[in-house]
Structures are given as C-alpha cells and as structure tokens.
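Mind looking at a prediction? Sequence and model below.
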Amino acid sequence: MRNILLVMKNNLYRFTKEKVMMTMVVGVMPIIICLGVYFNGMDSIKGKIAVVGARIEEKEMIEGSMMDNEKVKVEFLEESPSKTELIKGVYLAEINFQGNEPSVISYGKDDIKKTLEANLKGEVYVGDDNNATVQGKIIGFLIMFLFFGATTMVMDFFLVDRENGTYTRVLSGKISYFQYITGQMLYSTVILTIPSTMWSVFILKVLNVNLEISYSLFTFLLLLVGVLSSSFGMFISTIFKDRASASMGGSIVVMITCLLGGCLINIADSNKVIGFIRNILPQKRLIDLSNNFNNTDLIFVIFSILVFGLISVILGERQYKNGDFLV
C-alpha cells in the first residue's frame, strides 16, 4: 500500500507543477460542468404543440391541461402543419381532432407522443425504466468529459515516464507493476473525480436542479464514472505504443463509444447490431444505472472496471518484461 501511495503522491506533486493541467481543473472544468449541468438539467420537452380541428370544449380541455406548463405553448390551427415543420421541431407534435378519434403525430422523442396520447385518454404516461432522467443526462455528459480527460490529460505522466525510461527505473526497485498501475489509476481518479463531484454538486445546488435520486447516490455514481474513466484511460495508454497514438486513438475510441453509449443523445435501438454493441458498452450501462439503479448494471460497470484494469496490468507487465519501452 505504501508503494501505491508513493506513486500517487509523486504524480500529485508533478500535477501541481503543470500550469496547463491546473488551469484545466481549476478554471475550465467548472465552466464545462456548469454548462453541462445547466443544459442537461433543463426540461427537454419545450416548444409548441399544434392543435388542429378542435371544438370549443376540446380547446378548453387542452388549455386547462397545459395551464401549469410554461414551457409548452399551444397553437390552435385550422390546417395541419407540414411534415417538415414537425421534423424540424417547429412544433413538438400535432394533435388532430378532425377524425373520429384524436390522433397525435410527432417525429421527435417518443415520450412526447406517448405522454400526449395518455393525456387525451385521461391517463398518465409513466414511461419505462430506461427513459432519460435529469441525473442520467448529467452523468452522460460527465462520462464523456471525464473519459476525454483520462485519455488525453491525466494519463500523460504515465506515457511520459514510459517513453523516457523513468518507469523502468521505478519498477527495477521494490515496487511491483500492479502497485505502479494502481497508483497511477488512483491518482487519475482523485484528480478527475473529486473536483468534478464538488463542482457538480455545488452547481446543482446553485441552479436548483432537482434530481430523482439522493445526492449521496449521485456522488457514488460520479465515483464510478471517475474509476471507470481512469481504468479505461490506463487501458488505452497500455495498448498504444506512444503518446501521439494514445491521444489520437483514445480520443477516437472515446468519441465513438460515448456517442453509441448515449452520452450526448439517446439513440433508439432499432438496429439489432447497434443495440447489441450499445448493451456491451459500460458508458450506456452507467447511464442506465443513473436512470434506474439496479444490481445488473452496477455489476456490469464494476466488471468493466476490473477488466480494463486487469488487461492493463497483464499487458503492461508483459511489455515491461519484454523490454518494449527500455530507453
């Protein structure tokens, strides 16, 4: 344990000497997190609804149901809006009363259509467990941010030490490769998780964003994000041979997997292949865990962390013993 703490302490000392990294964590990180929390904490259902062919009593019913919702405005029209207007989002949806029964047309989020259909029947649409929540959208944004941070900024010390031969001199002493890697990942987790958690909770309080979970559970989820991003960053740093390829390749992998995982937008699994790929991505499982806390997704995320860490240790130790990075 002492050797692990020594690696972590050494990296923290080096971090205080890096002005660019300090600026990122102290200055840039709170701004990015603030923007992410603000935009992802807003109600996504915001805009206009077109109501076509409504009679007086139907107009009164619609106006009454929308009275307490300031973010959705109703426009009563004689003719249906064009399909282009619905696709572009000029109108969130169209409620048409011209047929025997009212119909809802929407090309946006499926939740909007289902909510309106349920309201017309006098019911309440609850949705399924995987529907995006405020905390799910915020966690998704932070996953992408911290994954990029782990692969391009925090793991820089490990890559520099490997290229200039410092890590071979360190490992020639009493420290094992497992202890060395564990110290690197703990340093990464501390640098990424503690500031992002503090800033996120502070900004949530300031902006008065309501979560559907407790702050303690939200903090635990952020800890999982930090550990997962650190283990993934070490995995990327291990499989690539130099800093340039690790930075470029890592950024590409992060971008693709985070987009598929739904960190920025929620993708419908209409394609079976895409759906299968998404289900094995830890980013998606972590977002699902934020939306609906359950043991299955929790175990999958922890398993992913262990796999990334184990591969990093086994592959990295083999590289060291083979003398791949001796200077």
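On my side now, so go ahead.

Every contact and neighbour count from this point should use C-alpha atoms.
Fine.

Let me know how buried residue 152 is, in neighbour terms.
Residue 152 has 21 neighbouring residues, counting by other C-alpha atoms under 10 Å.

looking at it, it is touching residue 249, isn't it?
No. Using C-alpha atoms under 8 Å, residue 152 is not in contact with residue 249; the gap is 10.0 Å.

who's in contact with residue 9?
Contact analysis of residue 9 by C-alpha atoms under 8 Å, 6 or more residues apart in numbering lists residue 187.

I meant to write residue 221 there.
Residue 221 makes contact with 139, 286, 290 under the criterion C-alpha under 8 Å, 6+ apart.

Kindly indicate which of those lies nearest residue 82.
residue 139 (36.1 Å; C-alpha to C-alpha).

Could I get the buried residue list for stretch 287-294?
287, 288, 289, 290, 291, 292, 293 (16 or more other C-alpha atoms under 10 Å).

is it possible to export those residues to a markdown table including secondary structure?
Compiled in a markdown table, the buried residues of stretch 287-294 are given as follows (DSSP: H, G, I helix; E, B strand; the rest coil):
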| residue | secondary structure |
| --- | --- |
| 287 | helix |
| 288 | helix |
| 289 | helix |
| 290 | helix |
| 291 | helix |
| 292 | coil |
| 293 | coil |
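
Export those residues as TSV, with columns for pLDDT and distance to residue 48.
Output for the buried residues of stretch 287-294, formatted as TSV (pLDDT from 0 to 100; distance: C-alpha to C-alpha, whole Å):
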residue	pLDDT	distance to residue 48
287	91	29
288	90	29
289	92	32
290	90	29
291	87	27
292	87	30
293	90	33
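
With respect to residue 219, which of these is nearest?
Nearest member of the buried residues of stretch 287-294 to residue 219, counting by C-alpha to C-alpha, is residue 290, at 11.0 Å.

just checking, the closest one touches residue 136?
Yes. Between residue 290 and residue 136 there is a contact under C-alpha under 8 Å: 5.0 Å.

in this protein, what secondary structure element scores lowest on mean pLDDT?
Using mean pLDDT, DSSP states H and E, helix 110-120 stands out as the lowest-scoring helix or strand of the chain, at a mean of 71.

Pull out the C-alpha coordinates of stretch 299-306 and format them as PDB.
Once non-C-alpha atoms are left out, stretch 299-306 reads as follows in PDB (Å, rounded to 0.1, in the frame of the first residue of the first chain):
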ATOM      1  CA  ILE A 299     -22.200  -5.400 -11.600                       C
ATOM      2  CA  PHE A 300     -21.600  -4.800 -15.300                       C
ATOM      3  CA  VAL A 301     -19.900  -1.500 -14.600                       C
ATOM      4  CA  ILE A 302     -17.700  -2.900 -11.800                       C
ATOM      5  CA  PHE A 303     -16.800  -5.900 -14.000                       C
ATOM      6  CA  SER A 304     -15.800  -3.500 -16.800                       C
ATOM      7  CA  ILE A 305     -13.500  -1.600 -14.400                       C
ATOM      8  CA  LEU A 306     -11.900  -4.800 -13.300                       C
END
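
Identify the residues contacting it?
By C-alpha under 8 Å, 6+ apart, the list of residues contacting stretch 299-306 reads 224, 227, 228, 231, 232, 282, 285, 286.

Quick check: buried residues in that stretch?
300, 301, 304, 305, 306.

Next one: the last one from residue 227, what distance?
Residue 306 is 10 Å from residue 227, where distance means C-alpha to C-alpha, to the nearest Å.

ditto for the third one
Relative to residue 227, residue 304 is positioned 10 Å away (criterion: C-alpha to C-alpha).
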